[in-house]
Every structure is written in C-alpha cells, then in structure tokens.
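Undergrad: Predicted coordinates and the sequence they were generated for:
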Amino acid sequence: MHTRPESAPSALGPEVRRRLESIWRQAYGARTKDDLRALYARWAESYDDDHEAIGFLGHERAADVLARHLEPSDAVRVLDAGAGTGAAGEALAARGFEHVVGLDLSPEMLERAATKGVHEDLLVADLSRPVDALARDAFDAAVLVGVFSYGQAPAHALDEVLRVVRPGGYVVFTLRDDFHAEDAMGVASHLEALVAARAWEHVETTRPEAYLPRKDPDATYRVWCFRVLTGKRAEPEPAFLDAAREALLSGGRVRALSHEHIWDAVATRLYNDYITRPEYYLNDAEEEILRDNAGDFLGRHTLCVELGCGSADKISHVFRAALDRDGETVTYMPIDVSPSALESTRAAIESRFDGQVEVEPALGTFDEKLSAIPPERPKAIFFLGGSIGNFETVEQTRDFLAMIRERMTPLDKLMVGFDLAKDADVLERAYNAGEENRAFFVHMVRRMNELLDADFDLDLFDTASDVVHDEPACGITPLVVNLKVATREAQSVSIPRLGLRVDLAAGDSVQVGKSRKFSPDDVAALVALCGLRLRSLWFDARHYYSVAEIVRDDAPIDMASELAEAQTDREGGRDGA
C-alpha cells in the first residue's frame, strides 16, 4: 500500500498547514469512492483558496501543453476529466478552448465549477466505470489534472478516457514524479502498456516543477501528453453475434442471453465492484468458509487447479493453510481463456508467497487443460464463486460435472462453491443491489452498443431480477434467479451490425444470465448423476452458501493414505532414476 511521502518544511502558517496536512492525508489515504466523495464534499468550499495558497499551477501547465499541440477552434471539444471546482476549465478557456465538458466524482465540486461559466456541460461520473453519457470518439482532447495520484483514480480510468477521445486527439495529464517512479497504483505500467498496444504514442513530458511549492517544495511533477492512435474496436465473436441475434428476434417481453457473453475486462471490474455491496452475501459467505476451513481443502494434494482465475484473495487462504501445516511447496495452476487475467493472478500469488507457491498458468479451456495434466499428478480442482449455478439449464450443469469427472483420477478431488436456496427476499435484494449491480448487468446491453453499433439508451435500464422455481430436471427443482435489466420507457433500437431494428416496450427486459440456488439434497443428487460422490459440505454461519468436496465414485475411502503411498512411489522412482 502506497502512502504519501513526508512533506518538507512549509511556507504556510501553522493553522493552515495543519488543516491542509489533514486534507492531504485523507486524499492520499482514500480507500473507497465513498471516502473520496465525502472528502471533496467537505473540501469544495475552500478548494480554490487552498490551491492558491500552496501555489499549485498544474492546471495552467496542462492547458499550456494542450495548446502547444492542439489549436483551439470552434470545432474542438475538450473533456476536463476530474474537473473539480473548474480551475483547469478556466485555464483552457483562457487559451481559447470554448467547448469544454467537465466531469467529476463530486457534485459539490462541480457546483463550484458551474459558477465560473467556463464549461458547456458538467457531468457527475466515475471514470473507473463506463461513462455511458459520453459517446465514443466524442472529444478532440482530454485534460486530467491531479486525477492520478495517491488514493485517487485507478490506472484503468485511462481506458475510458481513450474510448471518448478520437484517434489523433490528445490526452494531457499531471503526474507526481515520485508517484510515477514507484509505479503507484499501476499507473506508470499502464502508460507503457498502452504505448506497447499502439493505443497512443508519447508526445511530450515537461521538465519537473515543484508540485505544491508552499506546502511540499521538494515534491515535483510533470505534465505528460500522448496522442491517441487507434479507435479500433474489438470484433464481436461469432457466438456473441448469434446469441444477440437470437435474443433480439425472439420477441416476447424478455430477450435472454447466456451469462458467458457479458464477460470482458470491463465486466470483470464492474463485477468486482458489485460483489462488495452489503446486500450481495455470496462473496463474504464464501470467504468465511475458505478462511475458517482452508486447512481441510487441499489435504495432501500439492497441485491446486482453479477453473477460472477467480479471486487471488480467496484461493490464498488455501495456500496459506497448506504452507503453515506442511511447509511444502504448492503448485497452483489457474486455467482461463484470458491472458491478462492469468498474468494478474500469477503476479498476485507470486508477490504474496515469495516462491512458496509455484504458479503454472494454463491458457485455454477447462476441458483441454485438465486433459493435459498427467494422471500421476493428483490434483485438487477448485470451481468457486457459485459459478456452477450460472449454466442455462440443469442439464448443462450435469454435463459440465460429468466432463470434469472424466478428467479426474480416483485420487483427485473437486471443490465446488454452491450457492444455497434461501428466502426470496434475500435473493431479490442481492440481485437488485444498487448502482454497482445495475452497472454490471447493463454491461450486456452496453456490449451490444459497443460491438454491434446498437443505440440502446443505457440510462433507461434498471435492475429487474426475479426469483422463481426452476423447471424440474435431473430429479431436482432448484430456485433460479433470472438476472435482468428492464427499460423504464419504450425504446426503438437500431442494431446495424445485425441489420435489425427492435422495439422495446416499457418494462421489457434483457436477461443477462441465470443463477441457480441449490439445496444440500440437490447437490448430493446432482453429483451422483455424474458418477461422483459428495464427501463433505462446509457452510457459512447463516447457511447461505456451501463448498462441496466431491470425488469420483470409485475414489478410495482413505484417500490420504493412498496419496501418501503414491507420493512415496513417485519419490522412489525419482531416486531410482
């Protein structure tokens, strides 16, 4: 965790210095968006006076840099991202930029900006999420002053900036030199990754200047300028095209797509925001089970395979318990189709366990990568997060478990997270939980806009998930949550990539997946259908969730002894060699 560097002696008076030190500690130490919103709500009234008192000129320098590379004209539009109380907007206006849109996380700061009359529009928004109110390639430039610093915007906020700045446009921002040198919050690495990906090219970096001259004269900053190179969008996969076409032509009040089509890098970030909502119990329940019982999960297996990268936080409980007990090196094989997800997980595990966990990332499908593991390597396979409930039908769930069974040996085991059937009110609150929930579910519709050139009005969609009893199948009848967003008003939507126009009435919905909730009896019955045996079930304190230990039906009763014997045989074979 990065902390603010120590300040040098200040030229400010003692009372002002103490007040500003308190504010800066809160700014640099912010951990959540709510922390930042609360800080800037309190600070808005004195923000301009405080920055004048400390001699901050980053907004002036950033405006100078943009003016060097982009000539102001009546056609030029600039996004003032992290506009605050409007200082950068004033600097841009003074240099002839007349069409400036201000965006900030804090409505109180933008209220102050509005009094200056330099922005043609002001928008309360969070750059770490998609800003649906801003169209792709809508701006000729973006200026971000003080946005990337300790405790402030994450590195991936730049991805959203690049989405809204046209190819050939400019992105100008300030960075403290120490923040850049430390690669704090991954910003410096992300700048380089965007250069490597040919998303932009470096144009200019100014010489260092004092960042807060009368508060922290030793801290320096520079202004960075990049030119956007590409507006190329990802091509939709054929499966997504087919699924969208089928859903949109289906008629009826619900257009349903499978949950698999929602996923991309943005969806992962939105999902991680959503699962922190207090109403969404699943993440905390699974964490509780793993934290309290991790010592039982790996057993004598030293190869841990995870289907999907999941959360490095969760699987780390398992590794920590195994290392504390045995001290032996554990091998971790995450399987995923996303190279970036695998790399992120590898880096997280290696940094936490300092070589005690050997990471063998496997890029590909679960089927092909499980098949490639030699049978003489007994493995514990983890499939967490309640993902077993996201298949479209119970039959698909059964077929998936049967496929895993065929890739297991009698000495392997499978650890699966099952979300449990519970009161419908709990489920409806969890799956209709605030803006974070809505932003994630509406991403399926957002992807149709992005990949199919559709023009759904995303702001009109609200969460509308409902809970029903599933149709009986495979001898079980679980609860199922239909994950949906519904439009508040009628929409007539053009989808050029599919050659379609679709009319939605008020209340019509897009279903973005299903989430089944099983009883313990359902779990036992389901695994038995697949030639598997349920050995154990662990529950959280409320019995909202469970983790199941599952083995093949021909697995030995005393698996620990068999594993010990197999390990002795392997070691003997190595000695003989």
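TA: Structure's in. What do you need?

Undergrad: R42: how many residues sit nearby?
TA: R42 has 14 neighbours, counted by other C-beta atoms under 10 Å. For the C-beta atoms, the positions are set from N, CA and C on the backbone; glycine is no exception.

Undergrad: Against Y431, how distant is it?
TA: 34 Å (C-beta to C-beta, to the nearest Å).

Undergrad: what do you get for I495?
TA: Remark: distance between I495 and Y431 (C-beta to C-beta) = 27 Å.

Undergrad: Grab the nearest non-local neighbour of A439.
TA: Nearest in space to A439, with sequence neighbours left out and distances taken as C-beta to C-beta, 6 or more residues apart in numbering, is L270 at 5.2 Å.

Undergrad: dump the residue contacts of the one residue sitting closest to the centre of the chain.
TA: Centroid-nearest residue in the chain: R269, 1.3 Å away (criterion: C-alpha atoms, centre = their mean). Listed by C-beta atoms under 8 Å, 6 or more residues apart in numbering, the contact set of R269 reads S128, R129, H156.

Undergrad: and which of those residues is nearest A244?
TA: R129 (22.6 Å; C-beta to C-beta).

Undergrad: Work out for me the element the closest one sits within.
TA: Assigned by DSSP states H and E, R129 belongs to neither a helix nor a strand.

Undergrad: Need phi/psi at the residue nearest to D412 when sequence neighbours are not counted.
TA: Closest residue to D412 in three dimensions, ignoring its sequence neighbours and counting by C-beta to C-beta, 6+ apart: K379, at 5.1 Å. Phi and psi for K379, reported as degrees, to the nearest 10, are phi -140, psi 150.

Undergrad: Over to E21?
TA: Note on E21: its backbone torsions stand at phi -60, psi -40 [degrees, to the nearest 10].

Undergrad: and the residue nearest to A439, what is it in contact with?
TA: R129, P130, E436, A439, F440, H443.

Undergrad: Enumerate every residue touching the first one.
TA: Think R129. R129 neighbours (C-beta under 8 Å, 6+ apart): E160, R269, L270, D273, A439.

Undergrad: Just the C-alpha atoms of the helix or strand where R533 lies, please, in PDB.
TA: R533 is located in strand 532-539, with elements delineated by DSSP H and E. Provided in PDB are the C-alpha atoms of strand 532-539 (Å, rounded to 0.1, in the frame of the first residue of the first chain):
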ATOM      1  CA  LEU A 532     -19.300 -38.600  -8.500                       C
ATOM      2  CA  ARG A 533     -19.600 -38.800  -4.700                       C
ATOM      3  CA  LEU A 534     -20.200 -36.000  -2.200                       C
ATOM      4  CA  ARG A 535     -17.700 -36.400   0.700                       C
ATOM      5  CA  SER A 536     -18.200 -33.100   2.600                       C
ATOM      6  CA  LEU A 537     -20.200 -29.900   2.700                       C
ATOM      7  CA  TRP A 538     -19.000 -26.800   4.500                       C
ATOM      8  CA  PHE A 539     -21.400 -23.900   5.300                       C
END
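
Undergrad: Give the buried residues for it.
TA: L532, L534, L537, W538, F539 (16 or more other C-beta atoms under 10 Å).

Undergrad: helix or strand right after that strand?
TA: Per DSSP H and E, strand 532-539 leads on to strand 545-552 as the next helix or strand towards the C-terminus.

Undergrad: What is the neighbour count of A197?
TA: Using other C-beta under 10 Å, A197 has 10 neighbouring residues.

Undergrad: how far away is it from L158?
TA: Distance from A197 to L158, by C-beta to C-beta: 12 Å.

Undergrad: what residues does the one helix or strand S351 maps to touch?
TA: Per DSSP H and E: S351 is located in helix 339-353. Contact with helix 339-353 is made by 265, 268, 309-310, 312, 315-316, 319, 323, 332, 334, 336, 357, 359, 361-363, as judged by C-beta under 8 Å, 6+ apart.

Undergrad: Tell me how far A184 lies from L127.
TA: Look at A184 and L127: by C-beta to C-beta, they are 17 Å apart.

Undergrad: Could you do V426 as well?
TA: 33 Å.

Undergrad: the more surrounded of those two?
TA: Regarding V426 and L127, a neighbour count based on other C-beta under 10 Å identifies L127 as having more, with 24 against 15.

Undergrad: Just to check, that one is in contact with A157?
TA: Yes - contact criterion C-beta atoms under 8 Å: L127 and A157 qualify, at 4.0 Å.

Undergrad: Any stretches of the stretch 451-577 of the chain with poor pLDDT?
TA: 566-577 (pLDDT under 70).

Undergrad: scratch that, the chain is what I was asking about
TA: Checking the chain against pLDDT under 70 turns up 1-12, 231-233, 310-311, 327, 566-577.

Undergrad: try it again with 50
TA: Under the criterion pLDDT under 50, the flagged ranges of the chain are 1-10, 574-577.

Undergrad: quick one, domains of it?
TA: Following automatic domain parsing, one gets these domains for the chain: 14-228, 238-262+430-515, 282-420+520-576.

Undergrad: follow-up on the earlier one: looking only at neighbour counts, state which of I495 and Y431 leads.
TA: Legend: neighbour count by other C-beta under 10 Å for I495 and Y431, higher for Y431 (22 against 19).

Undergrad: contacting residues for the more buried one?
TA: N437, T463, S465, V481, L483, S515.

Undergrad: can you pull out the helices in the stretch 351-500 of the chain?
TA: Along the stretch 351-500 of the chain, counting by DSSP state H, counting those that start in this stretch, helices occupy 366-371, 394-406, 424-430, 434-441, 443-452.

Undergrad: Indicate which one of these is closest to I23.
TA: Of the helices of the stretch 351-500 of the chain, nearest to I23 by C-beta to C-beta is helix 434-441, at 27.0 Å.

Undergrad: quick one: buried residues of the closest one?
TA: Under 16+ other C-beta under 10 Å, the buried positions of helix 434-441 are E436, N437, R438, A439, F440, F441.

Undergrad: now do stretch 266-281
TA: Within stretch 266-281, the residues that count as buried by 16+ other C-beta under 10 Å are 266-271, 273-275, 277, 279-281.

Undergrad: What of stretch 132-141?
TA: D132, L134, F139, D140, A141.

Undergrad: T205: which of those is nearest?
TA: Nearest to T205 among these, counting by C-beta to C-beta, is A141 at 16.6 Å.

Undergrad: Please name every helix or strand in contact with the helix or strand harbouring that closest one.
TA: In the assignment (DSSP H and E), A141 maps to strand 139-144. Applying 3 or more C-beta pairs under 8 Å, 6 or more residues apart in numbering; DSSP states H and E, we find strand 139-144 packed against helix 58-69, strand 77-81, helix 157-164, strand 165-176.

Undergrad: Quickly run through the sheet partners of that strand, with directions.
TA: Strand pairing for strand 139-144, using DSSP bridges, gives strand 77-81 (parallel), strand 165-176 (parallel).

Undergrad: Outside of that strand itself, which residues are in contact with it?
TA: Strand 139-144 has contacts (C-beta under 8 Å, 6+ apart) with 62-63, 66, 70, 75-82, 88, 92, 101, 153, 161, 164-166, 169-174.

Undergrad: I'd like the contacts of L270 written out as JSON lines, with distance to R291 added.
TA: Formatted as JSON lines, these follow (distance: C-beta to C-beta, whole Å):
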{"residue": "R129", "distance to R291": "29"}
{"residue": "P130", "distance to R291": "33"}
{"residue": "E436", "distance to R291": "23"}
{"residue": "A439", "distance to R291": "28"}
{"residue": "F440", "distance to R291": "25"}
{"residue": "H443", "distance to R291": "30"}
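
Undergrad: quick one: which two of those residues are the most distant?
TA: Across those, the longest distance by C-beta to C-beta is 12.5 Å; it joins P130 and E436.
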